[in-house]
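Asks: model the following, please.
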Amino acid sequence: MKIGDQAKASPVLTGLDNWVNGTVIDVQQNPFLGLEIAIRDDQKRIFFGEERYFEQISSKETCLQ
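Replies: As a prediction, the model looks like this:
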């Protein structure tokens, strides 16, 4: 993931009931935790944590039929 990508944050990280969609605003390499990602949602909330708590939102929907 890179800055400007669309991603969603896991409820495990956010403490909310659903995944939160947002824009990646920061990506850093933490020597202890690995890749850390920060996103900002449409309500201007910022969520950050380890890469495992985020999923990139693809810009193209893939049809599997």
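
Asks: please make it C-alpha for all contacts and neighbour counts, starting now.
Replies: Fine.

Asks: show me what contacts P11?
Replies: D17, N18, W19, V20 (CA atoms under 8 Å, 6 or more residues apart in numbering).

Asks: and the helices in this structure?
Replies: 11-14 (DSSP state H).

Asks: what stretches of it score poorly on pLDDT?
Replies: 59-65 (pLDDT under 70).

Asks: what about the residue nearest to E36 when sequence neighbours are not counted, how many neighbours?
Replies: Spatial nearest neighbour of E36, chain neighbours left out: E50 (4.6 Å); criterion: CA to CA, 6 or more residues apart in numbering. Look at E50: counted by other CA atoms under 10 Å, it has 17 neighbours.

Asks: use 368 as the first number from now on
Replies: With the count now opening at 368, the last piece we talked about shows up as E417.

Asks: surely E417 touches F399?
Replies: No. In terms of CA atoms under 8 Å, E417 does not count as a neighbour of F399; the distance is 10.5 Å.

Asks: just among the contacts of P378, which is most surrounded?
Replies: Going by other CA under 10 Å, V387 tops the contacts of P378 with 20 neighbours.

Asks: dump the residue contacts of it.
Replies: Taking CA under 8 Å, 6+ apart, we find V387 in contact with K375, A376, S377, P378, T381, D408.

Asks: greatest separation within these: which pair is it?
Replies: P378 and D408 (13.7 Å; CA to CA).

Asks: neighbours of G371, just the number please.
Replies: Quick note: G371 (other CA under 10 Å) scores 12 neighbours.

Asks: for D409, same thing?
Replies: 10.

Asks: not counting sequence-adjacent ones, nearest residue to it?
Replies: G389 (6.7 Å).

Asks: thought that neighbour was touching S377?
Replies: No. Between G389 and S377 there is no contact under CA under 8 Å: 11.5 Å.

Asks: so for the two, which sits in the more crowded spot?
Replies: A direct count of neighbours by other CA under 10 Å for G389 and S377 places G389 higher, at 24 against 19.

Asks: give the partner strands of the longest strand along the chain in its sheet and their orientations.
Replies: If you go by DSSP state E, the chain has its longest strand at strand 387-397. When sheet partners are counted by DSSP bridges, strand 387-397 sits next to strand 373-376 (antiparallel), strand 401-407 (antiparallel).
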